[in-house]
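Visitor: Any chance you could fold what I've pasted below:
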Amino acid sequence: MSIPLPFRKPSARDRVRQEWIEERRREARMVVADMVHHSDYLVRLACNVLVQHGETPEEREDARILLVVLDAKTPGRLPAPDREGRS
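Guide: Numbers count the residues shown, from 1 in each chain. The predicted structure is shown next:
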């Protein structure tokens, strides 16, 4: 979230960037709100958007906590088995 400087007018590029971020934030909120119908990958992506661009500290923290829960549910890749089939 960028804070506008008081001595500088926002440029068209700044406005477009902010609109783009707001649209991604809306999409991320929709995915999280209906997460049972979305893949873990998409929910993780939505949470990452909210962690970085959430409007409030509570929203950012909730998204971070949800990422921790998702990581506990699917803890990364398991080690590849060796030639004898052991991990």
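Visitor: Regarding the residue nearest in space to the middle of the chain, which helix or strand does it belong to?
Guide: In the chain, the residue lying closest to the centroid (CA atoms, centre = their mean) is residue 48, at 1.9 Å. Element membership for residue 48, per DSSP states H and E: helix 40-53.
Visitor: Show residues contacting that helix.
Guide: With CB atoms under 8 Å, 6 or more residues apart in numbering as the test, helix 40-53 has contacts from 1, 21, 24-25, 27-29, 31-32, 35, 38, 59-60, 62-64, 66-67, 70, 73-74. Quick note: C-beta positions are derived from backbone N, CA and C, even for glycine.
Visitor: Return the subset of the residues you listed lying in strands.
Guide: Among the contacts of helix 40-53, no member falls in strands (DSSP state E).
Visitor: Could you tell me which of those count as buried?
Guide: Buried members of the contacts of helix 40-53, scored by 16 or more other CB atoms under 10 Å, are 24-25, 28-29, 31-32, 35, 38, 59-60, 62-63, 66-67, 70.
Visitor: still on that earlier bit, among the contacts of helix 40-53, which ones are in helices?
Guide: The helices, defined by DSSP state H, take in 21, 24-25, 27-29, 31-32, 59-60, 62-64, 66-67, 70, 73 from the contacts of helix 40-53.
Visitor: do you know how far the residue nearest to the centre of the chain is from residue 11?
Guide: Separation of residue 48 from residue 11 (CB to CB, to the nearest Å): 27 Å.
Visitor: hang on, the earlier thing: buried sites along the helix holding residue 48?
Guide: Under 16+ other CB under 10 Å, the buried positions of helix 40-53 are 43, 44, 45, 46, 47, 49, 50, 51, 53.
Visitor: Pick the one among the residues you listed closest to residue 7.
Guide: Comparing the buried residues of helix 40-53 against residue 7 with CB to CB places residue 53 closest, at 24.7 Å.
Visitor: From residue 47, how far off is that closest one?
Guide: 11 Å.
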